[in-house]
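Peer 1: With the sequence up front, the predicted model follows.
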Amino acid sequence: MKALVYRALGVAELTDLPVPTPGPGEVLLRVDAAGICRTDLEILAGNYSAIFPVVPGHEFAGTVVDLGAGVDPSWRNRQVAVDPLITCGHCRWCRAGRPNLCADFQAYGSERDGGLAEYVAVRTENLVNAEDLAPEVAALAEPLACAENGAARAGVGPADDVLIAGAGPIGLLMLTAFGVRGARVTVAEPQAQRRERAHRFGAAESFASVPEAVAARDGAGFDLVADVSGRPDVVQQCLGAIRKGGRLLLFGVCPPGSAVQLDPHDVYARELTVLGSFSVNGTLPAAVASLRDTTAPVAELITHRLPLDALPGAFDLVGAPDSLKVQLAPH
Ligand SMILES: [Zn+2]
Ligand SMILES: [Zn+2]
(Lines give C-alpha, C1' and ligand atoms only; values in the text may rest on other atoms or scores of the structure.)
(Ligands and ions follow the chains in the order given, each with its own letter.)
Protein backbone atom coordinates (compact mmCIF):
# COMPACT_ATOMS: atom_id res chain seq x y z
CA MET A 1 0.00 0.00 0.00
CA LYS A 2 0.95 3.63 -0.39
CA ALA A 3 1.70 5.46 2.85
CA LEU A 4 3.41 8.60 4.03
CA VAL A 5 6.24 7.73 6.42
CA TYR A 6 8.15 9.97 8.79
CA ARG A 7 11.59 8.32 8.76
CA ALA A 8 13.25 10.78 11.12
CA LEU A 9 12.90 14.42 12.15
CA GLY A 10 12.25 16.46 9.01
CA VAL A 11 12.25 13.40 6.70
CA ALA A 12 8.84 12.54 5.21
CA GLU A 13 8.38 10.36 2.13
CA LEU A 14 5.59 8.65 0.28
CA THR A 15 6.48 4.98 0.06
CA ASP A 16 5.15 1.42 -0.29
CA LEU A 17 4.48 -0.54 2.89
CA PRO A 18 2.86 -3.93 3.46
CA VAL A 19 -0.87 -3.70 4.27
CA PRO A 20 -0.99 -4.06 8.08
CA THR A 21 -2.37 -7.25 9.63
CA PRO A 22 -4.93 -6.46 12.34
CA GLY A 23 -3.90 -7.95 15.69
CA PRO A 24 -6.25 -9.31 18.36
CA GLY A 25 -8.94 -6.71 19.10
CA GLU A 26 -8.03 -4.67 16.02
CA VAL A 27 -9.65 -4.11 12.64
CA LEU A 28 -8.12 -3.19 9.31
CA LEU A 29 -9.52 0.10 8.03
CA ARG A 30 -9.54 1.17 4.42
CA VAL A 31 -8.87 4.90 4.85
CA ASP A 32 -11.53 6.87 2.94
CA ALA A 33 -10.60 10.37 4.12
CA ALA A 34 -7.73 11.73 6.21
CA GLY A 35 -7.09 15.32 7.20
CA ILE A 36 -3.75 17.00 7.62
CA CYS A 37 -3.38 18.92 10.88
CA ARG A 38 -0.83 21.46 12.02
CA THR A 39 0.15 18.88 14.66
CA ASP A 40 1.39 16.61 11.83
CA LEU A 41 3.85 19.36 10.89
CA GLU A 42 4.85 19.82 14.54
CA ILE A 43 5.51 16.07 14.87
CA LEU A 44 7.81 16.16 11.83
CA ALA A 45 9.58 19.21 13.27
CA GLY A 46 10.12 17.46 16.63
CA ASN A 47 7.80 19.70 18.66
CA TYR A 48 5.43 16.91 19.67
CA SER A 49 5.99 13.41 21.08
CA ALA A 50 6.37 10.64 18.48
CA ILE A 51 8.23 7.41 17.78
CA PHE A 52 9.88 7.29 14.34
CA PRO A 53 9.48 5.77 11.85
CA VAL A 54 5.73 6.34 11.87
CA VAL A 55 2.85 6.88 9.45
CA PRO A 56 1.35 10.26 10.48
CA GLY A 57 -2.36 11.19 10.42
CA HIS A 58 -4.78 11.26 13.38
CA GLU A 59 -7.86 12.73 11.65
CA PHE A 60 -9.27 9.89 9.58
CA ALA A 61 -12.37 7.90 8.73
CA GLY A 62 -12.64 4.62 6.89
CA THR A 63 -14.39 1.35 6.31
CA VAL A 64 -13.69 -1.86 8.23
CA VAL A 65 -12.42 -4.41 5.68
CA ASP A 66 -10.80 -7.08 7.89
CA LEU A 67 -10.99 -8.23 11.50
CA GLY A 68 -8.35 -9.41 13.95
CA ALA A 69 -8.91 -12.23 16.43
CA GLY A 70 -11.82 -11.79 18.84
CA VAL A 71 -13.45 -8.85 17.03
CA ASP A 72 -17.26 -8.71 16.85
CA PRO A 73 -18.09 -9.58 13.20
CA SER A 74 -20.75 -6.82 13.10
CA TRP A 75 -17.89 -4.29 12.63
CA ARG A 76 -17.25 -5.62 9.12
CA ASN A 77 -18.05 -3.11 6.32
CA ARG A 78 -18.95 -0.35 8.78
CA GLN A 79 -17.83 3.23 8.18
CA VAL A 80 -16.15 4.60 11.27
CA ALA A 81 -14.44 7.66 12.66
CA VAL A 82 -11.41 7.06 14.90
CA ASP A 83 -10.45 8.32 18.35
CA PRO A 84 -6.66 8.46 17.96
CA LEU A 85 -5.75 8.24 21.67
CA ILE A 86 -4.15 5.09 23.10
CA THR A 87 -4.06 5.41 26.87
CA CYS A 88 -3.10 3.14 29.77
CA GLY A 89 -6.48 3.06 31.54
CA HIS A 90 -5.03 2.87 35.04
CA CYS A 91 -2.96 6.01 35.81
CA ARG A 92 -4.53 8.70 38.04
CA TRP A 93 -5.72 10.72 35.02
CA CYS A 94 -7.24 7.75 33.18
CA ARG A 95 -9.03 6.74 36.38
CA ALA A 96 -10.31 10.31 36.74
CA GLY A 97 -11.86 10.22 33.26
CA ARG A 98 -9.14 12.38 31.71
CA PRO A 99 -7.37 9.99 29.32
CA ASN A 100 -6.01 12.92 27.27
CA LEU A 101 -3.69 13.59 30.24
CA CYS A 102 -2.61 9.92 30.53
CA ALA A 103 0.88 9.40 31.97
CA ASP A 104 1.56 6.97 29.10
CA PHE A 105 -0.18 8.95 26.34
CA GLN A 106 0.17 7.54 22.83
CA ALA A 107 -1.78 8.14 19.64
CA TYR A 108 -2.29 6.90 16.12
CA GLY A 109 -0.24 9.14 13.88
CA SER A 110 2.55 9.81 16.39
CA GLU A 111 3.47 6.64 18.32
CA ARG A 112 1.45 4.19 16.21
CA ASP A 113 0.94 4.21 12.45
CA GLY A 114 -1.89 6.60 11.50
CA GLY A 115 -4.21 7.42 8.65
CA LEU A 116 -2.12 9.02 5.90
CA ALA A 117 -2.04 5.66 4.14
CA GLU A 118 -4.34 3.41 2.15
CA TYR A 119 -4.92 1.14 5.18
CA VAL A 120 -4.39 1.28 8.93
CA ALA A 121 -4.93 -1.19 11.80
CA VAL A 122 -6.99 0.28 14.68
CA ARG A 123 -8.24 -1.10 18.03
CA THR A 124 -12.04 -1.56 18.12
CA GLU A 125 -12.26 0.54 21.31
CA ASN A 126 -11.09 3.52 19.21
CA LEU A 127 -13.85 3.15 16.59
CA VAL A 128 -16.98 5.30 16.49
CA ASN A 129 -19.79 4.34 14.14
CA ALA A 130 -20.20 7.08 11.50
CA GLU A 131 -22.22 5.23 8.89
CA ASP A 132 -24.64 8.02 8.04
CA LEU A 133 -21.95 10.66 7.32
CA ALA A 134 -20.03 11.27 4.11
CA PRO A 135 -16.47 9.95 4.71
CA GLU A 136 -14.89 13.40 4.35
CA VAL A 137 -17.30 14.76 6.97
CA ALA A 138 -16.65 11.75 9.24
CA ALA A 139 -12.92 12.63 9.06
CA LEU A 140 -13.79 16.01 10.66
CA ALA A 141 -14.92 14.15 13.81
CA GLU A 142 -11.44 14.17 15.39
CA PRO A 143 -10.73 17.91 15.09
CA LEU A 144 -14.34 18.64 16.07
CA ALA A 145 -13.89 16.30 19.09
CA CYS A 146 -11.08 18.62 20.26
CA ALA A 147 -13.56 21.52 20.16
CA GLU A 148 -16.13 19.30 21.94
CA ASN A 149 -13.57 18.77 24.71
CA GLY A 150 -13.18 22.55 24.96
CA ALA A 151 -16.95 22.98 25.12
CA ALA A 152 -17.17 20.32 27.84
CA ARG A 153 -14.29 21.86 29.83
CA ALA A 154 -16.04 25.25 29.73
CA GLY A 155 -19.50 23.75 30.38
CA VAL A 156 -20.96 25.62 27.41
CA GLY A 157 -24.75 25.88 27.42
CA PRO A 158 -27.66 27.88 25.99
CA ALA A 159 -27.28 30.69 28.54
CA ASP A 160 -23.72 31.43 27.40
CA ASP A 161 -22.76 34.59 25.57
CA VAL A 162 -19.45 33.58 24.00
CA LEU A 163 -16.62 35.29 22.14
CA ILE A 164 -14.35 33.17 19.93
CA ALA A 165 -11.07 34.83 18.97
CA GLY A 166 -10.13 33.47 15.53
CA ALA A 167 -12.33 32.09 12.74
CA GLY A 168 -9.97 29.81 10.82
CA PRO A 169 -10.78 26.08 10.55
CA ILE A 170 -10.48 25.50 14.30
CA GLY A 171 -12.56 28.58 15.14
CA LEU A 172 -15.29 27.30 12.83
CA LEU A 173 -15.22 23.87 14.49
CA MET A 174 -15.49 25.56 17.89
CA LEU A 175 -18.38 27.64 16.58
CA THR A 176 -20.03 24.40 15.46
CA ALA A 177 -19.55 22.71 18.86
CA PHE A 178 -20.76 25.77 20.80
CA GLY A 179 -23.69 26.31 18.40
CA VAL A 180 -24.97 22.76 18.89
CA ARG A 181 -25.05 23.54 22.65
CA GLY A 182 -27.20 26.61 22.02
CA ALA A 183 -24.67 29.29 22.97
CA ARG A 184 -24.82 32.75 21.38
CA VAL A 185 -21.46 33.19 19.63
CA THR A 186 -19.64 36.37 18.62
CA VAL A 187 -16.47 36.06 16.55
CA ALA A 188 -13.37 38.28 16.50
CA GLU A 189 -11.40 37.74 13.28
CA PRO A 190 -9.35 40.21 11.22
CA GLN A 191 -10.12 38.66 7.79
CA ALA A 192 -13.46 39.79 6.31
CA GLN A 193 -13.91 36.59 4.28
CA ARG A 194 -13.48 34.49 7.41
CA ARG A 195 -15.98 36.65 9.31
CA GLU A 196 -18.50 36.16 6.52
CA ARG A 197 -18.02 32.40 6.67
CA ALA A 198 -18.38 32.46 10.46
CA HIS A 199 -21.89 33.89 10.02
CA ARG A 200 -22.80 30.94 7.78
CA PHE A 201 -21.56 28.73 10.63
CA GLY A 202 -23.98 30.46 13.02
CA ALA A 203 -22.09 33.43 14.48
CA ALA A 204 -24.54 36.07 15.72
CA GLU A 205 -22.03 38.93 15.41
CA SER A 206 -18.50 39.43 14.19
CA PHE A 207 -15.79 42.03 14.70
CA ALA A 208 -12.28 42.53 13.35
CA SER A 209 -10.69 42.26 16.81
CA VAL A 210 -11.37 41.36 20.43
CA PRO A 211 -11.21 45.01 21.64
CA GLU A 212 -13.75 46.00 18.94
CA ALA A 213 -16.11 43.25 20.11
CA VAL A 214 -15.84 44.53 23.70
CA ALA A 215 -16.19 48.21 22.69
CA ALA A 216 -19.37 47.40 20.74
CA ARG A 217 -21.07 46.50 24.01
CA ASP A 218 -19.73 49.47 25.96
CA GLY A 219 -16.95 47.48 27.62
CA ALA A 220 -19.19 44.72 28.96
CA GLY A 221 -17.48 41.39 28.34
CA PHE A 222 -18.56 37.85 27.58
CA ASP A 223 -19.44 34.87 29.80
CA LEU A 224 -16.88 32.80 27.98
CA VAL A 225 -13.96 33.92 25.83
CA ALA A 226 -12.30 31.18 23.79
CA ASP A 227 -8.94 31.82 22.17
CA VAL A 228 -8.21 29.72 19.10
CA SER A 229 -5.60 32.10 17.68
CA GLY A 230 -2.70 30.71 19.71
CA ARG A 231 -1.23 34.22 19.87
CA PRO A 232 -0.21 35.60 23.28
CA ASP A 233 -1.14 39.16 22.24
CA VAL A 234 -4.67 37.98 21.39
CA VAL A 235 -4.88 35.97 24.64
CA GLN A 236 -3.96 39.19 26.46
CA GLN A 237 -6.90 40.92 24.77
CA CYS A 238 -9.14 37.97 25.64
CA LEU A 239 -8.32 38.43 29.34
CA GLY A 240 -9.81 41.91 29.06
CA ALA A 241 -12.99 40.59 27.44
CA ILE A 242 -14.29 38.35 30.25
CA ARG A 243 -17.46 39.37 32.08
CA LYS A 244 -17.66 39.13 35.89
CA GLY A 245 -17.88 35.45 36.88
CA GLY A 246 -16.79 34.41 33.40
CA ARG A 247 -14.16 32.08 32.03
CA LEU A 248 -11.31 32.02 29.55
CA LEU A 249 -10.74 28.91 27.45
CA LEU A 250 -7.22 28.51 26.06
CA PHE A 251 -7.55 26.31 22.99
CA GLY A 252 -5.16 27.83 20.45
CA VAL A 253 -1.59 26.60 20.79
CA CYS A 254 0.62 29.45 22.01
CA PRO A 255 4.39 28.94 21.75
CA PRO A 256 5.81 27.17 24.84
CA GLY A 257 7.28 29.68 27.27
CA SER A 258 5.14 32.59 26.04
CA ALA A 259 3.58 34.84 28.66
CA VAL A 260 0.64 37.14 29.29
CA GLN A 261 -0.04 39.51 32.17
CA LEU A 262 -2.70 38.37 34.59
CA ASP A 263 -3.94 40.57 37.42
CA PRO A 264 -4.54 38.13 40.30
CA HIS A 265 -6.73 40.70 42.02
CA ASP A 266 -8.98 40.75 38.97
CA VAL A 267 -9.25 36.94 38.95
CA TYR A 268 -10.05 37.04 42.69
CA ALA A 269 -12.49 39.93 42.77
CA ARG A 270 -14.43 39.00 39.63
CA GLU A 271 -14.20 35.22 40.19
CA LEU A 272 -12.69 34.46 36.79
CA THR A 273 -11.79 30.96 35.62
CA VAL A 274 -8.93 30.08 33.25
CA LEU A 275 -9.27 26.72 31.48
CA GLY A 276 -7.03 24.75 29.15
CA SER A 277 -8.24 22.21 26.62
CA PHE A 278 -5.95 19.58 25.07
CA SER A 279 -6.82 17.07 22.35
CA VAL A 280 -9.87 14.80 22.57
CA ASN A 281 -11.23 13.31 25.76
CA GLY A 282 -13.71 10.58 24.94
CA THR A 283 -15.45 13.24 22.84
CA LEU A 284 -15.45 11.47 19.45
CA PRO A 285 -19.06 10.18 19.86
CA ALA A 286 -20.22 13.72 20.77
CA ALA A 287 -18.44 15.05 17.68
CA VAL A 288 -20.10 12.51 15.38
CA ALA A 289 -23.46 13.44 16.92
CA SER A 290 -22.74 17.15 16.38
CA LEU A 291 -21.78 16.50 12.74
CA ARG A 292 -25.22 14.91 12.32
CA ASP A 293 -27.14 17.57 14.26
CA THR A 294 -25.47 20.83 13.31
CA THR A 295 -26.97 23.32 10.89
CA ALA A 296 -23.45 24.65 10.15
CA PRO A 297 -22.24 23.86 6.60
CA VAL A 298 -19.37 21.70 7.92
CA ALA A 299 -18.46 20.28 4.48
CA GLU A 300 -17.34 23.84 3.57
CA LEU A 301 -14.40 23.27 5.92
CA ILE A 302 -12.87 20.86 3.41
CA THR A 303 -11.14 23.06 0.85
CA HIS A 304 -8.84 20.38 -0.59
CA ARG A 305 -9.37 16.70 -1.33
CA LEU A 306 -6.23 15.19 -2.84
CA PRO A 307 -4.80 11.77 -3.73
CA LEU A 308 -2.04 10.31 -1.50
CA ASP A 309 0.42 11.13 -4.30
CA ALA A 310 0.03 14.79 -3.30
CA LEU A 311 2.01 14.01 -0.11
CA PRO A 312 4.18 15.36 1.36
CA GLY A 313 3.85 18.48 -0.84
CA ALA A 314 0.23 18.99 0.32
CA PHE A 315 1.61 19.93 3.75
CA ASP A 316 2.43 23.33 2.25
CA LEU A 317 -1.33 23.98 1.92
CA VAL A 318 -1.88 23.84 5.70
CA GLY A 319 -2.42 27.37 6.92
CA ALA A 320 -2.37 28.86 3.39
CA PRO A 321 -4.73 31.84 3.00
CA ASP A 322 -7.35 30.01 0.91
CA SER A 323 -7.24 26.66 2.71
CA LEU A 324 -9.20 25.36 5.68
CA LYS A 325 -9.04 21.56 5.99
CA VAL A 326 -6.73 19.74 3.59
CA GLN A 327 -7.79 16.12 3.18
CA LEU A 328 -6.42 13.09 1.40
CA ALA A 329 -8.67 10.58 -0.34
CA PRO A 330 -6.43 7.48 -0.50
CA HIS A 331 -8.80 5.40 -2.68
ZN1 LIG B 1 -5.34 17.38 14.61
ZN1 LIG C 1 -3.32 6.56 31.77
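Peer 2: That came in fine, so what should we check first? Fair warning: this is a prediction, and the values are worked out from it, not measured in the lab. Ligands and ions are numbered 1, 2, ... in the order given.

Peer 1: ranges for the strands of the stretch 151-300 of the chain?
Peer 2: Assigned by DSSP state E, counting those that start in this stretch, the stretch 151-300 of the chain shows strands spanning 161-165, 184-188, 205-207, 222-227, 242-250, 273-276.

Peer 1: ok, the fourth one: who's next to it in the sheet?
Peer 2: Applying DSSP bridges, strand 222-227 is found paired with strand 161-165 (parallel), strand 242-250 (parallel).

Peer 1: re earlier: tabulate the strands of the stretch 151-300 of the chain (TSV), appending mean neighbour count, mean pLDDT and distance to ligand 1.
Peer 2: (Each C-beta comes from the backbone N, C-alpha and C, glycine too.) Shown next, in TSV, are the strands of the stretch 151-300 of the chain (neighbours: other C-beta atoms under 10 Å; pLDDT from 0 to 100; distance: least, C-beta to the ion, whole Å):
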stretch	mean neighbour count	mean pLDDT	distance to ligand 1
strand 161-165	26	98	18
strand 184-188	25	98	21
strand 205-207	18	98	25
strand 222-227	27	98	17
strand 242-250	19	98	17
strand 273-276	13	98	16
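
Peer 1: could you redo those strands as a markdown table and give each row distance to residue 303?
Peer 2: Output for the strands of the stretch 151-300 of the chain, formatted as a markdown table (distance: least, C-beta to C-beta, whole Å):
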| stretch | distance to residue 303 |
| --- | --- |
| strand 161-165 | 20 |
| strand 184-188 | 19 |
| strand 205-207 | 20 |
| strand 222-227 | 23 |
| strand 242-250 | 26 |
| strand 273-276 | 29 |
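
Peer 1: residue in the stretch 201-331 of the chain nearest to ligand 1?
Peer 2: Residue nearest to ligand 1 within the stretch 201-331 of the chain (C-beta to the ion): residue 279, separated by 8.3 Å.

Peer 1: Put together TSV for the strands paired with strand 222-227, with distance to residue 146 on each row.
Peer 2: Formatted as TSV, these follow (distance: least, C-beta to C-beta, whole Å):
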stretch	distance to residue 146
strand 161-165	14
strand 242-250	12
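
Peer 1: Residue 329: which of these is closest?
Peer 2: strand 161-165 (29.7 Å; C-beta to C-beta).

Peer 1: ok, now how distant is the residue of the stretch 1-150 of the chain at minimum distance from ligand 1 from residue 65?
Peer 2: Closest residue of the stretch 1-150 of the chain to ligand 1, C-beta to the ion: residue 37 (2.9 Å). Going from residue 37 to residue 65 by C-beta to C-beta, to the nearest Å gives 25 Å.

Peer 1: hmm, back to that, now the residue of the stretch 1-150 of the chain closest to ligand 1: closest residue in space that isn't a chain neighbour?
Peer 2: What sits nearest to residue 37 in space, not counting adjacent residues and going by C-beta to C-beta, 6 or more residues apart in numbering, is residue 59, at 5.6 Å.

Peer 1: so that neighbour touches residue 139, yeah?
Peer 2: Yes: with contact defined as C-beta atoms under 8 Å, residue 59 and residue 139 form a contacting pair (5.7 Å).

Peer 1: what touches both of these two?
Peer 2: Both residue 59 and residue 139 are in contact with 34-35, where contact means C-beta atoms under 8 Å, 6 or more residues apart in numbering.

Peer 1: tell me the contacts of residue 256?
Peer 2: With C-beta under 8 Å, 6+ apart as the criterion, no residue contacts residue 256.

Peer 1: again with the one 4 residues further on
Peer 2: Contacts for residue 260 (C-beta under 8 Å, 6+ apart) come out as 232, 235-236, 239.

Peer 1: Against residue 213, how distant is the closest residue to it other than its chain neighbours?
Peer 2: Spatial nearest neighbour of residue 260, excluding adjacent residues (C-beta to C-beta, 6+ apart): residue 236 at 4.7 Å. Here residue 236 is placed at a distance of 15 Å from residue 213 (C-beta to C-beta).

Peer 1: Same drill for these two, tell me which one is more crowded.
Peer 2: The neighbour comparison of residue 236 against residue 213 (other C-beta atoms under 10 Å) goes to residue 213, with 24 against 15.

Peer 1: looking at the sheet around the closest residue to the more buried one other than its chain neighbours, what are its partners?
Peer 2: Distances taken as C-beta to C-beta, 6+ apart place residue 207 nearest to residue 213, at 4.1 Å, with adjacent residues excluded. Beta-bridge pairing for residue 207 (DSSP bridges): residue 188.

Peer 1: returning to what we had before: more crowded one of residue 37 and residue 65?
Peer 2: Remark: of residue 37 and residue 65, residue 37 carries more neighbours, 22 against 14, as counted by other C-beta under 10 Å.
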